[in-house]
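Chemist: Whatever this is, show me its structure:
(one chain, ligands or ions: 1)
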Amino acid sequence: MLELQDLTRRFGGRAAGDGGGRAAVDGVTLAIPDGQMVGIIGRSGAGKSTLLRMVNRLTEPTSGRILHHGTDVTTLRGRALRDWRTRCAMIFQGFNLIQRLDVLTNVLVGRLNHRHGALAALNSLLLRFTPEERAMALDALDRFDLAEQALQRADTLSGGQQQRVAIARAMLQEPRILLADEPIASLDPRNARVVMEALRDVNRRDGLTVLVNLHHLDTARRYCDRIIAMAAGRVVFDGPPSVLTGGEVEAIYGVPEEALEAETPHAPAAA
Ligand SMILES: Nc1ncnc2c1ncn2[C@@H]1O[C@H](COP(=O)(O)OP(=O)(O)OP(=O)(O)O)[C@@H](O)[C@H]1O
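Modeler: Residues are numbered from 1 along each chain as shown. Got it, this is the predicted structure:
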């Protein structure tokens, strides 16, 4: 179980924790069972990215707690924090691959957090990997239908392929949670579908908890077990997709579903 307890993040105060500034996330309390696929929706600026980034501590909470299996991850430091970030992988709208490196090496980067000791550090620096690690990376690529592209530079792939490489890299971390921050916002509908299916697959087959920020409600309804809607940093809906009807969306946001989605600034579809 992943528990968020009264989680708040303010920006723009005089100092963290002084109670000043605007709340990007405002007192969010959620309990997310292991293996659930959760879609987080809401207008631009609702606090979706800040919420996800607090879970793996890329953004520090101003107040509140995050517990995973009872461990308070809000207080972790040093090696314990690095271990948490390994268990809690993240993918981004912009894929965040190293463009000039080949696909296989990009996936192997997901393994670096598992290494400890001086020799391992040197090998990491030189991007040297063992045959076992390379086999693991190839398996991950094969699973997402990318084995043939293993030796191509990352920047030769389509956006949908790059996002699947990012998922393969995340899987090499052997995480328990996958955080996906608008993973399909730059993709055309076909690539978006393939990426959502890949996320669904790691959720269903590997049992990962997946938290995914999405702009399209139909995508959230189709792929997620649970939908959380945010507005101004707060949770304004939390329930199964079947309950989030068009009427419910209009009641929450004051505009029809189509109008809500149309406000969303989208990056141009990737090639
Ligand atoms: N590093 C930061 N410094 C200052 N303000 C920030 C920072 N990050 C986010 N914010 C503000 O916090 C609020 C929530 O932003 P956030 O990116 O979490 O929303 P979002 O729902 O993910 O939006 P989008 O869908 O556009 O990505 C916004 O008002 C944003 O401007």
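Chemist: Other residues contacting stretch 149-160?
Modeler: 95, 97-104, 106, 137-138, 141, 161-162, 165, 186-188, 190-192, 194-195, 269-271 (Cβ atoms under 8 Å, 6 or more residues apart in numbering). (Glycine included, C-beta is placed from N, CA and C.)
Chemist: Equivalent analysis for stretch 135-144, please.
Modeler: 103-104, 107-108, 110-111, 129, 147, 149-150, 164-165, 167-169, 171-172, 198, 201.
Chemist: circling back to that earlier point, could you identify the buried members of the contacts of stretch 149-160?
Modeler: Taking 16 or more other Cβ atoms under 10 Å as the criterion, what is buried in those is 95, 97, 102-104, 106, 137-138, 141, 161-162, 165, 186-187, 191-192, 194-195, 269-270.
Chemist: Which of the residues you listed fall within helices?
Modeler: 103-104, 106, 137-138, 141, 161-162, 165, 191-192, 194-195 (DSSP state H).
Chemist: Point out where the stretch 101-250 of the chain drops to low pLDDT.
Modeler: 115-127 (pLDDT under 70).
Chemist: ok, which stretches of it are helices?
Modeler: Applying DSSP state H, counting those that start in this stretch to the stretch 101-250 of the chain gives helices spanning 103-108, 118-125, 131-143, 159-172, 189-206, 217-223, 246-253.
Chemist: what helices or strands is the shortest one leaning on?
Modeler: Judged by 3 or more Cβ pairs under 8 Å, 6 or more residues apart in numbering; DSSP states H and E, the packing partners of helix 103-108 are helix 131-143, helix 159-172.
Chemist: How about the longest one?
Modeler: Other helices and strands packing on helix 189-206, by 3+ Cβ pairs under 8 Å, 6+ apart, are strand 37-42, helix 159-172, strand 177-181, strand 209-213, helix 217-223.
Chemist: Residue 77: which of the ones you listed is closest?
Modeler: Set against residue 77 and scored by Cβ to Cβ, the helices and strands packed on helix 189-206 come closest in strand 177-181, at 19.5 Å.
Chemist: what angle sits between that closest one and strand 37-42?
Modeler: Counting by axes from the mean of the first three to the mean of the last three Cα atoms, to 10 degrees, strand 177-181 lies at 30 degrees to strand 37-42.
Chemist: Please state the offset of strand 177-181 from the chain centre?
Modeler: Taking Cα atoms, centre = their mean, to the nearest Å, one finds the center of strand 177-181 at 2 Å from the center of the full chain.
Chemist: which strands and helices sit next to that strand?
Modeler: Using 3+ Cβ pairs under 8 Å, 6+ apart: strand 177-181 touches helix 48-55, strand 88-92, helix 189-206, strand 209-213.
Chemist: Which secondary structure elements does the following helix or strand past the first one sit against?
Modeler: Next along the chain after helix 48-55, taking DSSP states H and E as the criterion, comes strand 63-68. Based on contacts counted as 3+ Cβ pairs under 8 Å, 6+ apart, the elements that strand 63-68 packs against are strand 2-11.
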